[in-house]
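[1] mind folding the following:
(chains A and B)
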2 protein chains.
Amino acid sequence: MIKIAISSLSKAAFTPYGDVIETDGAQRIPINQGFAERFNDLATIDVNSAGGTANVSVIAANPRPLPIVIKLMERHPLGSQLFFPLQDKPWMVLVCSDPKNASSYRAFAANGRQGVNYGRGVWHHPLLVFDSDSRFMVVDRQGPGNNLEELWLEEGQWHCISP
Amino acid sequence: MIKIAISSLSKAAFTPYGDVIETDGAQRIPINQGFAERFNDLATIDVNSAGGTANVSVIAANPRPLPIVIKLMERHPLGSQLFFPLQDKPWMVLVCSDPKNASSYRAFAANGRQGVNYGRGVWHHPLLVFDSDSRFMVVDRQGPGNNLEELWLEEGQWHCISP
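    The predicted structure follows:
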């Protein structure tokens, strides 16, 4: 099994895959009579294709056994999908341009104040977390059509990540 | 000044004003090969009127001096506005049906795992928090048109809340 290297998550490195949602480095707009600051427009929400609408959910995830063996990837052909961690817990993001091309995988360590918004059709792994009951706010698409494509790898194509 | 009573936030009590976003009592959908649960479709996102699109932001709020004096209310005539607390910190929600009618005000104590989605045109107060740098994920509308209406109360109409 090929072991996938892990990099720190950054806007620049993640550009081909979607948005990094973070306040570090973002413009601060004073609002609410000076009692708050807004970090505005942090993601491109792309959910209205083919009659879709925005769907706000909470997902609570649990860790997988270490080392993590990567057996499948998924993508959403009809819309973007945003994850933002609640409770400031670090997590991990795994994407690729072609699930069958080992060299196209990229793993990113996200800090607990970084979310991502996968672009439409971007291959990614289901949530990878380190703590039980790791909660995320999710903004994705609901509506007509099949918006989930899963690709299960054959055993010889499995990868592994060990944080 | 009239002192506004505070109730616990619940879906039933908040129905006239919008959605309460919470996992307690919501349906749990197993996903991600059993490693996660999804609490799906927790809010009605109403942002596409008049060419609008969804805007995802983070807002960091600070406490106001106690007792809190209510001098203004605001509403968004073109779209809904969702706030979900990060870091599990309790906060407070203040809404009314008519800012000039004292008896129409309702204050709600939200726990740190409860968000709200104000319906389009619902009068509400800017964020009321108890801790500095209280962060929220926000989903509201961006696009053409004036989507902010503020109403400043005359001094004789001010209210107060003391948590």
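
[2] beta-bridge partners for A:Trp91, please?
    Listed by DSSP bridges, the beta-bridge partners for A:Trp91 are A:Ala110, A:Val129.

[3] for stretch A:122-140, buried residues please.
    Taking 16 or more other Cβ atoms under 10 Å in any protein chain shown as the neighbour-count basis, stretch A:122-140 is seen to contain the buried residues A:122-129, A:134-140. The C-beta positions use only the backbone N, C-alpha and C, and glycine is treated the same way.

[4] which other helices and strands contact the worst-scoring helix or strand of chain A on mean pLDDT?
    Ranking every helix and strand in chain A by mean pLDDT, DSSP states H and E puts strand A:2-3 at the bottom, with a mean of 90. Helices and strands touching strand A:2-3, as assessed by 3 or more Cβ pairs under 8 Å, 6 or more residues apart in numbering or on different chains; DSSP states H and E, comprise strand A:159-161.

[5] sheet partners, orientation included, of the strand it packs on?
    Applying DSSP bridges, one finds strand A:159-161 paired with strand A:2-3 (parallel), strand A:68-70 (antiparallel).

[6] mean confidence for that strand?
    Here strand A:159-161 scores 93 as its mean pLDDT.

[7] where's the residue of chain A positioned farthest from its centre relative to chain B, distance?
    With distances taken from the mean C-alpha point of chain A and given as Cα atoms, centre = their mean, the most distant residue is A:Gln33, at 34.0 Å. Using Cβ to the nearest Cβ, to the nearest Å, one obtains 7 Å as the distance from A:Gln33 to chain B.

[8] where does the spatially most central residue of chain A land in three-state SS?
    When chain A is reduced to its mean C-alpha position, the closest residue under Cα atoms, centre = their mean turns out to be A:Val116, at 4.6 Å. When states are read from DSSP: H, G, I helix; E, B strand; the rest coil, the local structure at A:Val116 comes out as strand.

[9] so who does A:Gly119 touch?
    Neighbour list for A:Gly119: A:Tyr17, A:Gly18, A:Asp19, A:Thr44, A:Asp46, A:Ser80 [criterion: Cβ atoms under 8 Å, 6 or more residues apart in numbering or on different chains].

[10] make JSON lines from those and add secondary structure to it.
    Listed next are the contacts of A:Gly119 as JSON lines, based on three-state DSSP:
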{"residue": "A:Tyr17", "secondary structure": "coil"}
{"residue": "A:Gly18", "secondary structure": "strand"}
{"residue": "A:Asp19", "secondary structure": "strand"}
{"residue": "A:Thr44", "secondary structure": "coil"}
{"residue": "A:Asp46", "secondary structure": "coil"}
{"residue": "A:Ser80", "secondary structure": "coil"}
